[in-house]
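Peer 1: could you look at this predicted model? Sequence included:
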Amino acid sequence: MVVALIALSLCGPALAGPVDPIREALERADAREAAAEGAAQPLPVIVVPVPSAAGVPEETCEEALKAAAAFRKTRPEPTPPAGPVRPPQDPQRRPSDSSDDDGVAGRPRVTVSESGVRDSGLPGVEPDRVPLEPLQGNPEALRRVGDVLRKAAMGQRTRITTFGASHTGGDFWTGHLRRLLQGRYGDLGHGWILPAALYTGYRGQDLNLCRTDGWTPDWVGKKRGRDDGLYGFGASVSSYDPADLGWLETTTDNDQ
(Lines give C-alpha, C1' and ligand atoms only; values in the text may rest on other atoms or scores of the structure.)
Protein backbone atom coordinates (compact mmCIF):
# COMPACT_ATOMS: atom_id res chain seq x y z
CA MET A 1 0.00 0.00 0.00
CA VAL A 2 1.29 3.44 -0.91
CA VAL A 3 0.65 6.24 1.53
CA ALA A 4 0.16 9.54 -0.21
CA LEU A 5 -0.07 13.07 1.06
CA ILE A 6 -1.91 16.09 -0.28
CA ALA A 7 -1.70 19.55 1.27
CA LEU A 8 -4.66 21.87 0.84
CA SER A 9 -3.90 25.58 0.98
CA LEU A 10 -6.58 28.08 1.88
CA CYS A 11 -6.74 31.79 2.46
CA GLY A 12 -9.39 34.35 3.34
CA PRO A 13 -11.91 35.74 0.83
CA ALA A 14 -10.45 37.84 -1.97
CA LEU A 15 -10.68 41.61 -1.62
CA ALA A 16 -11.58 44.04 -4.41
CA GLY A 17 -9.11 46.72 -5.52
CA PRO A 18 -5.65 47.06 -7.03
CA VAL A 19 -3.87 45.46 -4.06
CA ASP A 20 -2.82 41.82 -4.01
CA PRO A 21 -5.43 40.10 -1.78
CA ILE A 22 -3.26 37.03 -1.20
CA ARG A 23 -0.26 39.08 -0.06
CA GLU A 24 -2.50 41.19 2.21
CA ALA A 25 -3.99 38.06 3.78
CA LEU A 26 -0.52 36.61 4.38
CA GLU A 27 0.77 39.89 5.86
CA ARG A 28 -2.22 40.11 8.22
CA ALA A 29 -1.70 36.50 9.32
CA ASP A 30 2.02 37.11 9.89
CA ALA A 31 1.30 40.26 11.89
CA ARG A 32 -1.17 38.43 14.14
CA GLU A 33 1.28 35.59 14.72
CA ALA A 34 4.13 37.99 15.53
CA ALA A 35 1.96 39.93 17.96
CA ALA A 36 0.92 36.80 19.86
CA GLU A 37 2.94 36.28 23.02
CA GLY A 38 5.61 33.62 22.57
CA ALA A 39 4.70 33.02 18.93
CA ALA A 40 7.44 31.77 16.63
CA GLN A 41 8.62 34.21 14.00
CA PRO A 42 7.07 33.48 10.58
CA LEU A 43 9.31 32.13 7.86
CA PRO A 44 10.24 34.66 5.14
CA VAL A 45 8.34 34.38 1.88
CA ILE A 46 10.62 33.09 -0.89
CA VAL A 47 9.46 33.76 -4.45
CA VAL A 48 11.30 32.04 -7.30
CA PRO A 49 10.18 33.53 -10.64
CA VAL A 50 10.14 31.09 -13.55
CA PRO A 51 9.19 33.18 -16.60
CA SER A 52 9.24 30.18 -18.93
CA ALA A 53 6.56 28.48 -16.82
CA ALA A 54 4.04 31.31 -17.23
CA GLY A 55 1.07 30.97 -19.54
CA VAL A 56 0.16 28.12 -21.83
CA PRO A 57 3.01 25.63 -22.53
CA GLU A 58 4.60 25.97 -25.95
CA GLU A 59 4.29 22.21 -26.43
CA THR A 60 1.65 19.66 -25.64
CA CYS A 61 2.54 16.67 -23.49
CA GLU A 62 2.70 14.43 -26.57
CA GLU A 63 5.03 16.84 -28.37
CA ALA A 64 7.28 17.16 -25.33
CA LEU A 65 7.51 13.37 -24.98
CA LYS A 66 8.46 13.01 -28.66
CA ALA A 67 11.17 15.66 -28.24
CA ALA A 68 12.49 13.86 -25.15
CA ALA A 69 12.58 10.55 -27.05
CA ALA A 70 14.51 12.18 -29.89
CA PHE A 71 16.97 13.75 -27.46
CA ARG A 72 17.47 10.39 -25.74
CA LYS A 73 18.80 8.95 -29.03
CA THR A 74 21.45 11.66 -29.46
CA ARG A 75 22.53 12.57 -25.92
CA PRO A 76 25.65 10.99 -24.39
CA GLU A 77 24.93 7.94 -22.28
CA PRO A 78 24.41 9.23 -18.73
CA THR A 79 26.54 7.88 -15.89
CA PRO A 80 24.53 6.23 -13.12
CA PRO A 81 25.11 7.80 -9.72
CA ALA A 82 27.18 6.06 -7.11
CA GLY A 83 25.42 3.68 -4.75
CA PRO A 84 23.28 5.40 -2.14
CA VAL A 85 24.71 6.20 1.26
CA ARG A 86 21.94 5.25 3.63
CA PRO A 87 21.67 7.11 6.96
CA PRO A 88 22.24 4.97 10.06
CA GLN A 89 19.11 3.00 10.88
CA ASP A 90 18.11 0.43 13.45
CA PRO A 91 18.10 -2.87 11.48
CA GLN A 92 15.22 -4.15 13.59
CA ARG A 93 13.04 -1.25 12.40
CA ARG A 94 14.15 -1.30 8.79
CA PRO A 95 11.47 -2.60 6.36
CA SER A 96 12.33 -6.05 5.06
CA ASP A 97 12.35 -6.71 1.31
CA SER A 98 13.27 -10.39 1.58
CA SER A 99 9.69 -11.63 1.29
CA ASP A 100 7.47 -11.61 -1.79
CA ASP A 101 4.33 -11.79 0.35
CA ASP A 102 2.04 -8.97 -0.73
CA GLY A 103 -0.14 -9.33 2.36
CA VAL A 104 -2.99 -11.06 0.51
CA ALA A 105 -1.28 -14.28 -0.58
CA GLY A 106 -3.39 -17.34 0.12
CA ARG A 107 -6.55 -15.39 0.82
CA PRO A 108 -9.73 -16.16 -1.14
CA ARG A 109 -10.35 -13.88 -4.11
CA VAL A 110 -13.89 -12.66 -4.79
CA THR A 111 -14.88 -11.22 -8.15
CA VAL A 112 -17.88 -8.91 -8.09
CA SER A 113 -19.49 -7.59 -11.24
CA GLU A 114 -20.95 -4.12 -11.56
CA SER A 115 -24.43 -5.55 -12.05
CA GLY A 116 -23.94 -7.75 -8.99
CA VAL A 117 -23.12 -4.74 -6.84
CA ARG A 118 -26.04 -2.78 -8.27
CA ASP A 119 -28.50 -5.57 -7.48
CA SER A 120 -27.03 -6.49 -4.10
CA GLY A 121 -29.02 -4.01 -2.05
CA LEU A 122 -25.91 -3.14 -0.04
CA PRO A 123 -25.94 0.27 1.64
CA GLY A 124 -24.03 2.87 -0.32
CA VAL A 125 -24.77 1.35 -3.75
CA GLU A 126 -26.52 4.64 -4.53
CA PRO A 127 -24.50 7.29 -2.66
CA ASP A 128 -27.07 10.04 -3.25
CA ARG A 129 -29.58 8.11 -1.16
CA VAL A 130 -27.30 7.54 1.82
CA PRO A 131 -28.43 9.86 4.66
CA LEU A 132 -25.97 12.34 6.09
CA GLU A 133 -24.48 11.35 9.42
CA PRO A 134 -23.01 13.57 12.13
CA LEU A 135 -19.25 13.86 12.43
CA GLN A 136 -17.72 11.01 14.38
CA GLY A 137 -14.39 10.90 16.17
CA ASN A 138 -12.49 12.22 19.13
CA PRO A 139 -14.22 15.43 20.34
CA GLU A 140 -10.88 17.15 20.92
CA ALA A 141 -9.71 16.31 17.39
CA LEU A 142 -12.99 17.62 15.93
CA ARG A 143 -12.64 20.82 17.98
CA ARG A 144 -9.16 21.38 16.57
CA VAL A 145 -10.46 20.94 13.01
CA GLY A 146 -13.12 23.55 13.78
CA ASP A 147 -10.44 25.91 15.11
CA VAL A 148 -8.48 25.57 11.86
CA LEU A 149 -11.53 26.37 9.73
CA ARG A 150 -12.40 29.36 11.91
CA LYS A 151 -8.90 30.72 11.27
CA ALA A 152 -9.52 30.32 7.53
CA ALA A 153 -12.82 32.19 7.88
CA MET A 154 -10.89 35.06 9.54
CA GLY A 155 -8.59 35.33 6.52
CA GLN A 156 -5.62 33.57 8.06
CA ARG A 157 -3.34 31.38 5.99
CA THR A 158 -4.42 27.78 6.56
CA ARG A 159 -3.03 24.44 5.43
CA ILE A 160 -4.70 21.04 5.74
CA THR A 161 -2.70 17.86 5.15
CA THR A 162 -4.46 14.60 4.33
CA PHE A 163 -2.76 11.22 4.69
CA GLY A 164 -4.23 8.24 2.87
CA ALA A 165 -3.73 5.53 0.27
CA SER A 166 -5.06 5.26 -3.29
CA HIS A 167 -8.02 7.61 -2.81
CA THR A 168 -5.54 10.31 -1.74
CA GLY A 169 -2.90 9.54 -4.37
CA GLY A 170 -5.60 9.81 -7.05
CA ASP A 171 -6.83 13.09 -5.48
CA PHE A 172 -10.49 12.35 -6.12
CA TRP A 173 -11.95 12.72 -2.63
CA THR A 174 -9.25 15.17 -1.52
CA GLY A 175 -9.64 17.13 -4.76
CA HIS A 176 -13.37 17.53 -4.17
CA LEU A 177 -12.71 18.55 -0.56
CA ARG A 178 -10.14 21.12 -1.72
CA ARG A 179 -12.62 22.65 -4.16
CA LEU A 180 -15.29 22.95 -1.49
CA LEU A 181 -12.99 24.52 1.11
CA GLN A 182 -11.22 26.86 -1.30
CA GLY A 183 -14.56 27.92 -2.77
CA ARG A 184 -15.64 29.00 0.71
CA TYR A 185 -12.40 30.34 2.23
CA GLY A 186 -10.21 31.33 -0.74
CA ASP A 187 -7.58 29.68 -2.91
CA LEU A 188 -3.83 29.66 -2.21
CA GLY A 189 -3.03 26.94 -4.72
CA HIS A 190 -3.16 23.20 -5.15
CA GLY A 191 -0.69 22.27 -2.44
CA TRP A 192 2.08 19.68 -2.55
CA ILE A 193 2.35 17.25 -5.46
CA LEU A 194 5.20 15.42 -7.19
CA PRO A 195 6.16 16.83 -10.63
CA ALA A 196 6.28 13.32 -12.11
CA ALA A 197 3.64 10.69 -11.38
CA LEU A 198 4.72 8.28 -8.65
CA TYR A 199 2.77 5.32 -10.11
CA THR A 200 -0.07 4.58 -12.49
CA GLY A 201 -3.16 6.34 -11.18
CA TYR A 202 -1.27 9.10 -9.38
CA ARG A 203 -2.93 12.38 -10.35
CA GLY A 204 -3.96 15.79 -9.12
CA GLN A 205 -7.41 17.30 -9.36
CA ASP A 206 -7.29 20.37 -11.66
CA LEU A 207 -3.72 19.49 -12.68
CA ASN A 208 -2.25 17.76 -15.70
CA LEU A 209 0.91 15.67 -15.17
CA CYS A 210 3.24 14.58 -17.97
CA ARG A 211 6.36 12.42 -17.62
CA THR A 212 8.72 10.05 -19.39
CA ASP A 213 9.17 6.47 -18.17
CA GLY A 214 12.70 6.80 -16.78
CA TRP A 215 11.84 8.09 -13.32
CA THR A 216 12.53 5.94 -10.27
CA PRO A 217 9.77 6.08 -7.66
CA ASP A 218 10.58 5.30 -4.05
CA TRP A 219 8.78 5.09 -0.73
CA VAL A 220 9.23 3.37 2.61
CA GLY A 221 9.46 -0.39 2.18
CA LYS A 222 9.46 -0.30 -1.64
CA LYS A 223 11.51 -2.99 -3.36
CA ARG A 224 14.06 -1.89 -5.93
CA GLY A 225 13.89 1.74 -4.93
CA ARG A 226 16.83 4.08 -4.34
CA ASP A 227 17.37 2.58 -0.87
CA ASP A 228 18.87 5.79 0.49
CA GLY A 229 16.22 6.43 3.14
CA LEU A 230 15.42 9.88 1.72
CA TYR A 231 11.66 10.03 1.19
CA GLY A 232 10.81 13.72 1.62
CA PHE A 233 7.12 13.90 2.48
CA GLY A 234 6.91 10.10 2.31
CA ALA A 235 7.83 9.35 -1.30
CA SER A 236 10.13 10.55 -4.07
CA VAL A 237 10.77 10.34 -7.81
CA SER A 238 14.25 10.78 -9.26
CA SER A 239 16.24 10.37 -12.45
CA TYR A 240 19.87 10.83 -13.46
CA ASP A 241 19.01 10.98 -17.19
CA PRO A 242 18.71 14.53 -18.63
CA ALA A 243 16.36 13.13 -21.27
CA ASP A 244 13.70 12.43 -18.66
CA LEU A 245 10.84 14.90 -18.53
CA GLY A 246 8.40 15.76 -15.76
CA TRP A 247 5.94 18.64 -15.72
CA LEU A 248 2.65 19.75 -14.25
CA GLU A 249 0.19 22.45 -15.26
CA THR A 250 -3.04 23.76 -13.84
CA THR A 251 -6.10 22.91 -15.90
CA THR A 252 -9.86 22.60 -15.82
CA ASP A 253 -10.19 19.63 -18.18
CA ASN A 254 -9.58 16.73 -15.77
CA ASP A 255 -12.41 17.43 -13.37
CA GLN A 256 -13.64 13.83 -13.00
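Peer 2: Structure's in. What do you need? Predicted model, so just to flag it, every value in this text is computed and none were measured.

Peer 1: shaky segments in this protein?
Peer 2: Low-confidence regions of the chain, defined here as pLDDT under 70, cover residues 1-56, 83-105, 117, 123-124, 253-256.

Peer 1: mind doing that once more with 50?
Peer 2: 1-5, 12-19, 255-256 (pLDDT under 50).

Peer 1: strands along that one, start to end?
Peer 2: 4-10, 158-164, 207-211, 216-219, 235-238, 246-250 (DSSP state E).

Peer 1: state the distance from Ala82 to Arg226.
Peer 2: According to Cβ to Cβ, to the nearest Å, Ala82 stands 12 Å off from Arg226. Every C-beta, even on glycine, is put in place using the N, C-alpha and C of the backbone.

Peer 1: these two: who's more crowded?
Peer 2: Using other Cβ atoms under 10 Å, the more surrounded residue of Ala82 and Arg226 is Arg226, with 18 against 6.

Peer 1: distance of that one from Val237?
Peer 2: From Arg226 to Val237 the distance is 10 Å (Cβ to Cβ).

Peer 1: joint contacts of those two?
Peer 2: Counting by Cβ atoms under 8 Å, 6 or more residues apart in numbering, the residues touching both Arg226 and Val237 are 216, 218.

Peer 1: what about the helices in the stretch 51-200 of the chain?
Peer 2: 61-74, 114-118, 139-153, 166-169, 173-185 (DSSP state H, counting those that start in this stretch).

Peer 1: now render these as TSV, adding distance to Gly232 and mean neighbour count.
Peer 2: Listed next are the helices of the stretch 51-200 of the chain as TSV, based on distance: least, Cβ to Cβ, whole Å; neighbours: other Cβ atoms under 10 Å:
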stretch	distance to Gly232	mean neighbour count
helix 61-74	24	13
helix 114-118	38	9
helix 139-153	24	12
helix 166-169	15	17
helix 173-185	18	17
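
Peer 1: which one, of these, ends up nearest to Leu230?
Peer 2: helix 166-169 (19.6 Å; Cβ to Cβ).

Peer 1: Leu198: how many residues sit nearby?
Peer 2: 21.

Peer 1: and for Pro127?
Peer 2: Pro127 has 7 nearby residues by other Cβ under 10 Å.

Peer 1: got a list of what it touches?
Peer 2: Residues counted as contacts of Pro127 (Cβ under 8 Å, 6+ apart): none.

Peer 1: re earlier: right, so the strands of the chain: which one is the most enclosed?
Peer 2: Greatest average neighbour count among these goes to strand 4-10 (a mean of 21), per mean count of other Cβ atoms under 10 Å.

Peer 1: picking that back up, put together a markdown table for the strands of the chain, with distance to Gly191 on each row.
Peer 2: Output for these, formatted as a markdown table (distance: least, Cβ to Cβ, whole Å):
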| stretch | distance to Gly191 |
| --- | --- |
| strand 4-10 | 4 |
| strand 158-164 | 8 |
| strand 207-211 | 10 |
| strand 216-219 | 19 |
| strand 235-238 | 15 |
| strand 246-250 | 12 |
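
Peer 1: quick one: which of these is nearest Asp171?
Peer 2: strand 4-10 (6.0 Å).

Peer 1: look up how far Thr162 lies from the spatially closest residue to Pro81 that is not a sequence neighbour.
Peer 2: Of all residues not flanking Pro81 in the chain, Tyr240 sits nearest, at 5.3 Å (Cβ to Cβ, 6 or more residues apart in numbering). Distance of Tyr240 to Thr162, given as Cβ to Cβ: 32 Å.

Peer 1: do Arg129 as well
Peer 2: 26 Å.

Peer 1: quick one on the thing from earlier: could I get the helices of the stretch 51-200 of the chain as CSV with distance to Thr200?
Peer 2: As requested, the helices of the stretch 51-200 of the chain are exported to CSV (distance: least, Cβ to Cβ, whole Å):
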stretch, distance to Thr200
helix 61-74, 16
helix 114-118, 21
helix 139-153, 32
helix 166-169, 10
helix 173-185, 18
